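>>> Coordinates for the following, if possible.
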Amino acid sequence: YKQMESVNFMLKQEKYSFLPWAILTLITCGLYHVYHEYRMTQDICRVLGEPNSNEPLVNLVLSLFALSIVADALQQALINRYFGDDDL
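Modelled structure (predicted):
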C-alpha cells in the first residue's frame, strides 16, 4: 500500500490504488499482480530516467516464480533511490 502511495507521488498522479489491485488480483488468481509488478516497476524506472532498464522484466520473472517479495524489495530500492536514500 505504501509503495503505491510513493509511486503515485513520484508520478504526480493517482495511478495505483490498493482496492482495485486487491480485487483484480483475487479475480484473476494472481495474474493481475504479476502485470501490476511489471507496470509499477516500469513507471518507477521511467521516473528515474531509466526507461530502457531491465528491472521491469526482472520483476516480472520474479513474480511469475512466486518471488514477489523479492520484486517488492527491488522496487523499494528504486523508490528509496528516488527519495535520496541509497544506503539500502
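>>> and whichever helix or strand Pro20 is part of, which residues are buried?
Assessed by DSSP states H and E, Pro20 sits inside helix 18-27. For helix 18-27, a neighbour-count test (16 or more other Cβ atoms under 10 Å) marks Trp21, Thr25 as buried. (Each C-beta comes from the backbone N, C-alpha and C, glycine too.)
>>> what kind of secondary structure is the most centrally placed residue in the chain in?
In the chain, the centroid-proximal residue (Cα atoms, centre = their mean) is Met40; its distance is 3.5 Å. Of the three states, Met40 takes helix under DSSP: H, G, I helix; E, B strand; the rest coil.
>>> That one is in contact with Gln3, isn't it?
Yes. Look at Met40 against Gln3 with Cβ atoms under 8 Å: they come within range, at 7.4 Å.
>>> Now for those two: what residues contact both?
Gln75 (Cβ atoms under 8 Å, 6 or more residues apart in numbering).
>>> And the helix holding Pro20, what does it pack against?
Secondary-structure packing of helix 18-27 (3 or more Cβ pairs under 8 Å, 6 or more residues apart in numbering; DSSP states H and E): helix 31-47.
>>> Put the alpha carbons of the helix it packs on into PDB.
Provided in PDB are the C-alpha atoms of helix 31-47 (Å, rounded to 0.1, in the frame of the first residue of the first chain):
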ATOM      1  CA  LEU A  31      -2.200 -12.900 -12.700                       C
ATOM      2  CA  TYR A  32      -3.100  -9.200 -12.300                       C
ATOM      3  CA  HIS A  33      -0.400  -8.900  -9.600                       C
ATOM      4  CA  VAL A  34       2.300 -10.100 -12.000                       C
ATOM      5  CA  TYR A  35       1.200  -7.500 -14.500                       C
ATOM      6  CA  HIS A  36       1.000  -4.800 -11.700                       C
ATOM      7  CA  GLU A  37       4.500  -5.600 -10.600                       C
ATOM      8  CA  TYR A  38       5.800  -5.100 -14.200                       C
ATOM      9  CA  ARG A  39       3.800  -1.900 -14.800                       C
ATOM     10  CA  MET A  40       4.800  -0.300 -11.400                       C
ATOM     11  CA  THR A  41       8.500  -1.100 -12.000                       C
ATOM     12  CA  GLN A  42       8.300   0.300 -15.500                       C
ATOM     13  CA  ASP A  43       6.800   3.600 -14.200                       C
ATOM     14  CA  ILE A  44       9.400   3.800 -11.400                       C
ATOM     15  CA  CYS A  45      12.200   3.300 -13.900                       C
ATOM     16  CA  ARG A  46      10.700   5.900 -16.200                       C
ATOM     17  CA  VAL A  47      10.600   8.500 -13.400                       C
END
